[in-house]
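Trainee: Return a 3D structure for these sequence lines:
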Amino acid sequence: MSNIHGFSSLQDRSRQPLVDRQQQSSNSIIRFGRFNSDGSVQNMTCFQAFFPDFKKNSFTFFISIIQFAVFIITQAYAFFLNNDSFGCINYKLGAKFTPAITVFHHFHRLIFPIILHGGFMHIFFNMLGQWFYSYRLESVYGTKKFAFLYLIAGIGGNLLSAASRTGNISVGASSSLFGVFALYMAYLIEDPDRLGPRRHISIIFMVLLLLSNIGNATQASNIDNSAHLGILFLMMS
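Mentor: Coordinates of the predicted model:
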């Protein structure tokens, strides 16, 4: 027989995420909950705890599905061609390449890199950051405005990359995600209390994450730092 700890004895406390352990014979299931304004408890799964504003009917989910689908296509394309190099494959699918933009007027190469990725770890960490920040921002600013900001940051970053790294092929949603990160920082600076009572720890964590990304970008030669400056276009918009 399972043993579930109730929340009734805790309703006089502040509305913070709580843990509810359901012990079973062979394993345990961890559930989260938070108090609603009427004093009732809203149960949450672990997935909802990490992405509380997750919605299938959203731009974030839509663009993520496209990015995953295109990544599977590139993997299948490489498998059937028996080709381990993603350079030619991503080029054919619309990667950023300055000569193709300036000579052949392939302006779609300023947009398509947002949905292309060079490997599993590349798309994994991009999608992790995208889901962690984008759902919350989209719920706050609205789908149309967030989609515009997401795309303008991505296009701006790819435009700067095309101007500064003319001989390189670049792919990835990082140009948009750095814009999303900048927007999230502005969102928190506007009202730091949105982070809750442990906001100082959260801010430190985000600063460390940003410094880690900057350090990684300066050490790795295959990272297109110019594309990450799409945040400048986001700030101007």
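Trainee: Spell out the residue ranges of the strands in this protein.
Mentor: 3-4, 18-23, 28-35, 41-44 (DSSP state E).
Trainee: residues contacting the closest residue to Ala78 other than its chain neighbours?
Mentor: Computed as Cβ to Cβ, 6 or more residues apart in numbering, the closest residue to Ala78 that is not its neighbour in sequence is Ile89, at 5.7 Å. (Glycine included, C-beta is placed from N, CA and C.) Applying Cβ atoms under 8 Å, 6 or more residues apart in numbering to Ile89 gives the contacts 74, 77-78, 81, 83.
Trainee: quick one, helices of this protein?
Mentor: Along the chain, the segments classed as helices by DSSP state H run 46-50, 59-81, 86-93, 98-104, 120-141, 143-164, 174-190, 199-219, 231-236.
Trainee: give the contact list for the residue lying closest to Ala147 once chain neighbours are set aside.
Mentor: In this structure, Ala147 finds its nearest non-sequential neighbour in Phe59, 4.4 Å apart by Cβ to Cβ, 6+ apart. Residues in contact with Phe59 (Cβ under 8 Å, 6+ apart) are 138, 143, 146-147, 150.
Trainee: let's go with 7 Å and repeat that
Mentor: By Cβ atoms under 7 Å, 6 or more residues apart in numbering, the residues touching Phe59 are 138, 143, 146-147.
Trainee: how much space between it and Gly142?
Mentor: Distance from Phe59 to Gly142, counting by Cβ to Cβ, to the nearest Å: 10 Å.
Trainee: now swap in Met206 and tell me
Mentor: Met206 sits 23 Å away from Gly142, going by Cβ to Cβ.
Trainee: more neighbours, those two?
Mentor: A direct count of neighbours by other Cβ atoms under 10 Å for Met206 and Gly142 places Met206 higher, at 16 against 12.
Trainee: quick one: low-confidence parts of the protein?
Mentor: The chain contains residues with pLDDT under 70 at 1-46, 48-49, 82-86, 195-199, 201-202, 205, 209-237.
Trainee: Show me how it divides into domains.
Mentor: Domain assignment for the chain, taken from automatic domain parsing, gives 3-50, 59-236.
Trainee: what comes into contact with stretch 133-142?
Mentor: Applying Cβ under 7 Å, 6+ apart, the set of residues contacting stretch 133-142 is 51, 53-55, 58-60, 146, 180-181, 183-184, 187.
Trainee: which parts of it are buried?
Mentor: Buried residues in stretch 133-142, counted by 16 or more other Cβ atoms under 10 Å: 133-139.
Trainee: could I get these as TSV with distance to Phe107?
Mentor: Output for those, formatted as TSV (distance: Cβ to Cβ, whole Å):
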residue	distance to Phe107
Tyr133	28
Ser134	25
Tyr135	30
Arg136	32
Leu137	27
Glu138	26
Ser139	32
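Trainee: Let me know the closest of the residues you listed to Thr98.
Mentor: For those, the closest approach to Thr98 (Cβ to Cβ) belongs to Ser134, at 28.4 Å.
Trainee: Next one: the closest one from Val171, what distance?
Mentor: Between Ser134 and Val171 the computed distance is 19 Å (Cβ to Cβ).
Trainee: repeat for Val70
Mentor: In terms of Cβ to Cβ, Val70 sits 10 Å off from Val171.
Trainee: Have a look at those two and say which one is more surrounded.
Mentor: Val171 (31 against 20).
Trainee: give the contact list for the nearest residue to that one once chain neighbours are set aside.
Mentor: Spatial nearest neighbour of Val171, excluding adjacent residues (Cβ to Cβ, 6+ apart): Leu116 at 3.8 Å. Leu116 makes contact with 70, 90, 93-95, 171-172, according to Cβ under 7 Å, 6+ apart.
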